[in-house]
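J.: got a sequence here, can you build the structure:
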Amino acid sequence: MSKAQNEIDQYISRFPDEVQVKLQAIRETIKKAAPEADEVISYGMPGYKLHGALVYFAGNKHHIGFYPVPFGIKAFEKELSPYKSAKATAQFPYNKPIPFDLVTKIVQFRMKENLEKAATKKKPQDAFLSALSAPARRALEANGVTRLQQLTKFSEQEILNFHGIGPSSIPKLRKALQGAGLDFRKN
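T.: Numbering: from 1, shown residues only. Okay, here's the model as predicted:
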């Protein structure tokens, strides 16, 4: 059992038995809707992540709080109208049935959003950029360096002066240049 699963079990165990049953049921519904999502404890409550946050849930005094980040609520305003809701939360009272089918739809909607967002993330134009950390890659791109040939216009020291480039980036850049028969500009 992973640390997060154990933490979620501990979280649920703090509630009265009848609430534990409902919390465990919403947990299982989410896991079934998004089996590849990672279970986490975040913001002090159980959550699920897949290419970013999907949903969270929390036990409260009179309800289960369900947090599908803002877009999950907005997309299902009509279906959530019987429940108290706000920009990023819906409240499912303990004295009413939990809408598990709706929870499933919302989780699947959030999963689709995150997968689409991940698929459209900017990919490096040149393979050497993919070997760098995101801050180093952004630093080069901000200075107009998106191809190895452009890198040859700079000395190592000039590259190190770019905000976001650390010393560990230089050997990676040097190796990429040498592999293409190129080198940094000499001082």
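
J.: flag the shaky bits of the protein, pLDDT-wise.
T.: The chain contains residues with pLDDT under 70 at 4, 70, 121-126.

J.: helices and strands around the helix or strand containing Asp9, which ones?
T.: If you go by DSSP states H and E, Asp9 is part of helix 3-13. Secondary-structure packing of helix 3-13 (3 or more Cβ pairs under 8 Å, 6 or more residues apart in numbering; DSSP states H and E): helix 17-33, strand 38-42, strand 45-49. From N, CA and C alone the C-beta is placed, and that goes for glycine too.

J.: how far away from the center of its chain is the second one?
T.: Taking Cα atoms, centre = their mean, to the nearest Å, one finds the center of strand 38-42 at 11 Å from the center of the full chain.

J.: report the angle between it and helix 17-33.
T.: Here strand 38-42 points in a direction 130 degrees away from that of helix 17-33 (axes from the mean of the first three to the mean of the last three Cα atoms, to 10 degrees).

J.: tell me what strand 38-42 is packed against?
T.: Under the contact criterion of 3+ Cβ pairs under 8 Å, 6+ apart, strand 38-42 touches helix 3-13, strand 45-49.

J.: show me the residue at the heart of the protein, geometrically.
T.: Gly52 (1.3 Å; Cα atoms, centre = their mean).

J.: of all the helices and strands packed on strand 38-42, which one is nearest Phe76?
T.: strand 45-49 (16.8 Å; Cβ to Cβ).
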